[in-house]
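Trainee: Give me the fold of what follows.
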Amino acid sequence: MLPLLFGLPLLQLLILSNAATFEIKNIKFGYIDNDHSSSSRELLSKFSASSYFNIIDQYTDKKSAIKQMELGTVDAVLEIPNQFERNLLKSKTNSLSVSINAIDGAAAGIENVYISQIIKDYNQSIHSKLYQQEQQINHPINVMTIPSFWYNNTLNYKTFMVPGILVLLVTMLTLFLSAMNIVREKEIGTLEQINVTPIRKYQFIIGKLFPFWIIGLVVLSVGLLISKVIFNVPMLGSMALLYLFAGIYLLVVLGIGLFISNFTDTQQQAMFIAWFFMVVFILMSGLFTPIESMPYWAQKLTLLNPIRYFVEVIRMIMLKGAAFADVRLHLIVITFYAFLINGLAVWSYKKVS
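Mentor: Below you'll find the model as predicted:
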């Protein structure tokens, strides 16, 4: 059990933190150059110079390019029309055709942003060249924006993902262990012996809950150490406040596990039910999908999800340096859940004296 309790979650933290990314790299890119001019070659050179694109091949017509997209050879195809440079010089305007494989809608949206940004940069550079060639005295006015990135100035996705993944792993570990706890006593036949002892129900639940509560805090501590040493995630806020919230949050998760364990007869049943709720909690936690992007009814439903609150709080404390006043509402909600869930766990345990 020791390798499962400590080794596996930490290994998962290292793997998932490097694998879970919103960045799209090595986009398989193809093009159709019907113009073969210096302007079209300059545009294509910008794509080849980008680290996000991997130019696969040049195609002679749109049909063959789309065929390769159907086979999965390319993800995006740029078509440069005939007389592209001539139209730029003559009418100062032109259009490009971009075809993107949108089976994965999220990836297609990001790829479209990357392509549009490269074309925008090319548009600005060619715009300046055209005006210089015409020797215009009054150059067009360009409005520039200088972004300032707060809380994650390097735009490192690991800074955003590592705290959330740590919450996920601590939750999975404590939920599964507590869900299999009482049901294990049922399988080996020791629950009947416990039932005839003079201990009260709440004492039994506390005895079952406390060891896993300690284990959850230890795994959280090791995970925070890895986050700082290996991934260099900032820790701007109070660690005491983080541990206060984590301690109450673990009571909620362990209470859910014990509640499930009270109504199941085998470890397999407990595992399946715990996994069912875990999948729902993960998908509606805002860890991988922003809650703001969900339908309105789903956003309201996430208010019942305890993982949502811990994911928000750990990011607020570690990345923004949030104080007690900033997480007070989250703390009130999670404390209410802790009393409710553990009360149900004590009530649902059928002790026959």
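Trainee: right, and the secondary structure at the residue positioned nearest the centre of the chain would be what?
Mentor: Nearest to the centroid of the C-alpha atoms of the chain, with distances taken as CA atoms, centre = their mean, sits residue 288, at 3.0 Å. Per DSSP: H, G, I helix; E, B strand; the rest coil, the local secondary structure of residue 288 is coil.
Trainee: what's the answer for residue 313, then?
Mentor: In three-state terms, and counting by three-state DSSP, residue 313 is helix.
Trainee: Help me confirm that it comes into contact with residue 327.
Mentor: Yes. Using CB atoms under 8 Å, residue 313 makes contact with residue 327 at a distance of 5.0 Å. C-beta here means a position set from N, CA and C on the backbone, and glycine is covered the same way.
Trainee: so where is the chain shaky, pLDDT-wise?
Mentor: Flagging of the chain using pLDDT under 70 yields the residue ranges 1-6, 20-22, 92, 127-148, 155, 191-192, 195, 350-353.
Trainee: quick one, domains of this protein?
Mentor: According to automatic domain parsing, the chain comprises the domains 25-133, 152-348.
Trainee: Using CSV, write out the CA atom coordinates for stretch 78-88.
Mentor: Taking Å, rounded to 0.1, in the frame of the first residue of the first chain, the C-alpha atoms of stretch 78-88 are listed here in CSV:
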residue,chain,number,x,y,z
LEU,A,78,-3.1,27.4,-46.4
GLU,A,79,-4.0,28.3,-50.0
ILE,A,80,-2.4,31.3,-51.6
PRO,A,81,-4.4,32.5,-54.6
ASN,A,82,-3.0,33.2,-58.1
GLN,A,83,-1.7,36.8,-58.6
PHE,A,84,-1.5,37.3,-54.8
GLU,A,85,1.4,39.7,-55.0
ARG,A,86,-0.1,41.6,-58.0
ASN,A,87,-3.3,42.2,-56.2
LEU,A,88,-1.5,43.4,-53.1
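Trainee: Buried residues, it. List them.
Mentor: Neighbour counts using 16 or more other CB atoms under 10 Å place 78, 79, 80, 84, 85, 87, 88 of stretch 78-88 among the buried residues.
Trainee: Let's have the residues you listed in TSV, adding secondary structure and distance to residue 52.
Mentor: Listed next are the buried residues of stretch 78-88 as TSV, based on DSSP: H, G, I helix; E, B strand; the rest coil; distance: CB to CB, whole Å:
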residue	secondary structure	distance to residue 52
78	strand	14
79	strand	19
80	strand	19
84	helix	23
85	helix	26
87	helix	28
88	helix	25
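Trainee: Specify which member of those residues is nearest to residue 7.
Mentor: Using CB to CB, residue 78 is the member of those that sits closest to residue 7, with 47.2 Å.
Trainee: what residues are up against that closest one?
Mentor: Residue 78 is in contact with 29, 30, 31, 32, 44, 47, 96, 97, 98, 115, counting by CB atoms under 8 Å, 6 or more residues apart in numbering.
Trainee: you'd agree residue 184 is in a helix?
Mentor: Yes. Residue 184: assigned to a helix according to three-state DSSP.
Trainee: what's the burial count for the residue nearest to it when sequence neighbours are not counted?
Mentor: Nearest residue to residue 184, sequence neighbours excluded (CB to CB, 6 or more residues apart in numbering): residue 267, at 6.3 Å. Number of residues near residue 267 (other CB atoms under 10 Å) recorded here: 17.
Trainee: can you check the one 4 residues further on too?
Mentor: Neighbours of residue 271 under the rule other CB under 10 Å: 16.
Trainee: Can you pull the phi and psi angles for residue 30?
Mentor: phi -130, psi 160 (degrees, to the nearest 10).
Trainee: Just to check, it is in contact with residue 60?
Mentor: No. Using CB under 8 Å as the test, residue 30 is too far from residue 60 to be in contact (11.2 Å).
Trainee: Give me the more crowded residue out of these two.
Mentor: Each of residue 30 and residue 60 has its neighbours counted (other CB under 10 Å); residue 30 has more, 22 against 10.
Trainee: The nearest residue to residue 335 once chain neighbours are set aside is in what secondary structure piece?
Mentor: Leaving aside its sequence neighbours, residue 335 sits nearest to residue 248 (CB to CB, 6+ apart; 5.6 Å). With elements taken from DSSP states H and E, the one containing residue 248 is helix 239-262.
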